[in-house]
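Asker: how would this look folded up:
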Amino acid sequence: MPLLDAGWWRQWRQHVEPAAVILAGVLAVITVGVVIHSHATRDDTPAAAPATVAPTDDQVPIPLPSPSPSPSMTPIDSIVVERVPVAATVDLDSEGTADWVHWGEQGRFSLERDRGGNFAILEGTPGEPRQRHTASPERFTWTGGEPMASSSGVASGIRTCGDGNGFTLSAPATTASRTLKLYVGAINARGSLRLQLSTGGEAYTDLFTGRGDSMATTAYVVSYRASETGKISIKWITDAAFDEDCGGVALQAATLS
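Answerer: Purely as a prediction, here's the structure:
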């Protein structure tokens, strides 16, 4: 076989060497791709779940505590009282949404009351002495009443004389909060207010004094509720009379809402 001359060999290398470099590059790229794919496949494989171990006889299950029920609010007997000045004009119908009563406009034993109040506010057995008065510095108005349907403003009420004499009232009490407002007065006397729920709790007492021949007046705002259905009792009594002629307490009106 004839030997290849040097020129031919040189031309062959010039053509083959670049092709060899390109082939080596292609093989390197393929190798890197295979390695990356291998790692990606291995990383995406989910971890095997831990083996479940069956409980042994020595293991005792611990029960979870059941949620405690919310404590219920137990109704309580409550009386809260505020003594306030009386407005120049008192609209009994708008204030007494449940019931209202006015005393004495038509006589010493008369009661003018809310036609739709269902006799919620009640007076106890009237005692003596008992007189009608027109000495209140305030005026009381109403509509929807009976036996007197309406009033544009009266100053009347009832009064008593002497130590220990006065008036007793009552109103219904439930677990819902209610407000009773009492319009009272005193002429030459010290009056004693006593409130008590029939369902229990402490009694509330207060003293109010009026000196001189003119009537001193005040309003008691009584907010109350009971532990069960019952009633609230009110006593407005002459604790001390300063006038032997006729010192005592007076009662004009009451509202319930």
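
Asker: going forward, measure contacts between C-alpha atoms and count neighbours the same way
Answerer: Fine.

Asker: Tell me which residues touch the residue most central in space within the chain, please.
Answerer: Among the residues of the chain, the one closest to the centroid is Ser177, at 9.4 Å (C-alpha atoms, centre = their mean). By C-alpha atoms under 8 Å, 6 or more residues apart in numbering, the contact set of Ser177 is Ser223, Tyr224, Arg225.

Asker: same check, this time on Glu128
Answerer: Thr160, Asn165 are the contacts of Glu128 under C-alpha under 8 Å, 6+ apart.

Asker: who wins for most neighbours among the contacts of Ser177?
Answerer: Of all those, the highest neighbour tally under other C-alpha atoms under 10 Å goes to Arg225, namely 26 neighbours.

Asker: What values do phi and psi take at the closest residue to that one other than its chain neighbours?
Answerer: Distances taken as C-alpha to C-alpha, 6 or more residues apart in numbering put Ser177 closest to Arg225, at 4.7 Å, once the chain neighbours are dropped. When read as degrees, to the nearest 10, the backbone of Ser177 gives phi -70, psi 140.

Asker: now do Ser94
Answerer: phi -80, psi -30.

Asker: And the longest strand along the chain, what's buried?
Answerer: If each strand of the chain is counted by residues according to DSSP state E, the longest one is strand 230-241. By neighbour count on 16 or more other C-alpha atoms under 10 Å, the buried set for strand 230-241 is Gly230, Lys231, Ile232, Ser233, Ile234, Lys235, Trp236, Ile237, Thr238, Asp239, Ala240, Ala241.

Asker: quick one: that strand to chain centroid distance?
Answerer: 29 Å (C-alpha atoms, centre = their mean, to the nearest Å).

Asker: Equivalent analysis for stretch 125-138, please.
Answerer: Worked out by C-alpha atoms, centre = their mean, stretch 125-138 lies 38 Å from the chain centre.

Asker: Strands of the stretch 51-200 of the chain, start to end?
Answerer: For the stretch 51-200 of the chain, strands defined by DSSP state E, counting those that start in this stretch occupy the ranges 78-84, 89-91, 99-103, 111-114, 122-123, 131-133, 139-142, 145-146, 151-154, 157-159, 166-173, 178-187, 189-197.
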